[in-house]
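In: Just need the structure, nothing else, for what follows:
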Amino acid sequence: MEYAEEILGQDEDNGTMVDNVAELREHVIGHRIVSADRDGGPLVITLDNGKRVKLAGGDDCCAYTELDAFLLHADKVDHIITGVGTTGGYTTWHVYADMGDVLELTVDWSAGNPFYYGYGFTISVEDE
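Out: Next up is the predicted model:
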């Protein structure tokens, strides 16, 4: 299963959301998800290699990015992640394997007054 690459207008995004998805891909493709939970705010995705990928939202005046919800499909966690795609203008993120979505993220975001303020996830990786 693959998702078509979404293209946002130049007044909607300066590449921040595209870069966030690319960075998440870099960390999760080729691995299995062991768990996904909120750790005092950020989403923490624990992978089979012992790495913990944290997605922390943030806001800066009228610009923001936040994770509204996530759904881990426990029946698919034994499958290796093959991609990360988005739908709905980067409001639904799909972390998927050959059998379908393993993890879905519902993301609310706005560039605010385009591109004066910061937005996007801060993605960090640490050893378990």
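
In: Tell me if I am right that D37 is in a helix.
Out: No. Counting by DSSP: H, G, I helix; E, B strand; the rest coil, D37 falls outside a helix, being strand.

In: What ranges does this structure have for its helices?
Out: 16-28 (DSSP state H).

In: any low-confidence regions in it?
Out: Scanning the chain for pLDDT under 70 picks out 1, 39.

In: mind listing the strands in it by residue range?
Out: Per DSSP state E, the chain carries strands over the ranges 33-38, 43-47, 51-56, 58-60, 63-72, 81-87, 92-97, 100-110, 122-127.

In: Can you point out the buried residues in the longest one?
Out: Buried residues in strand 100-110, counted by 16 or more other Cβ atoms under 10 Å: 101-105, 107, 109-110. All C-beta atoms are positioned from the backbone trio N, CA, C, and that covers glycine.

In: Report the two of those separated the most.
Out: V102 and S110 (27.2 Å; Cβ to Cβ).

In: Roughly how far does D37 sit from V28?
Out: Relative to V28, D37 is positioned 15 Å away (Cβ to Cβ, to the nearest Å).

In: For those two, indicate the residue with more neighbours.
Out: Between D37 and V28, V28 has the larger neighbour count (other Cβ atoms under 10 Å), namely 23 against 11.

In: Now do the contacts for the more buried one.
Out: When contacts are counted by Cβ atoms under 8 Å, 6 or more residues apart in numbering, V28 touches 45, 47, 53, 81, 84, 95.

In: how about 10 Å then?
Out: Applying Cβ atoms under 10 Å, 6 or more residues apart in numbering, we find V28 in contact with 45, 47, 51, 53, 80-84, 95, 102-103, 125.

In: again with I45
Out: Neighbours of I45 in contact, by Cβ under 10 Å, 6+ apart: 24, 27-28, 31, 33-37, 51-55, 70, 72, 81, 95, 102-103, 105, 123, 125.
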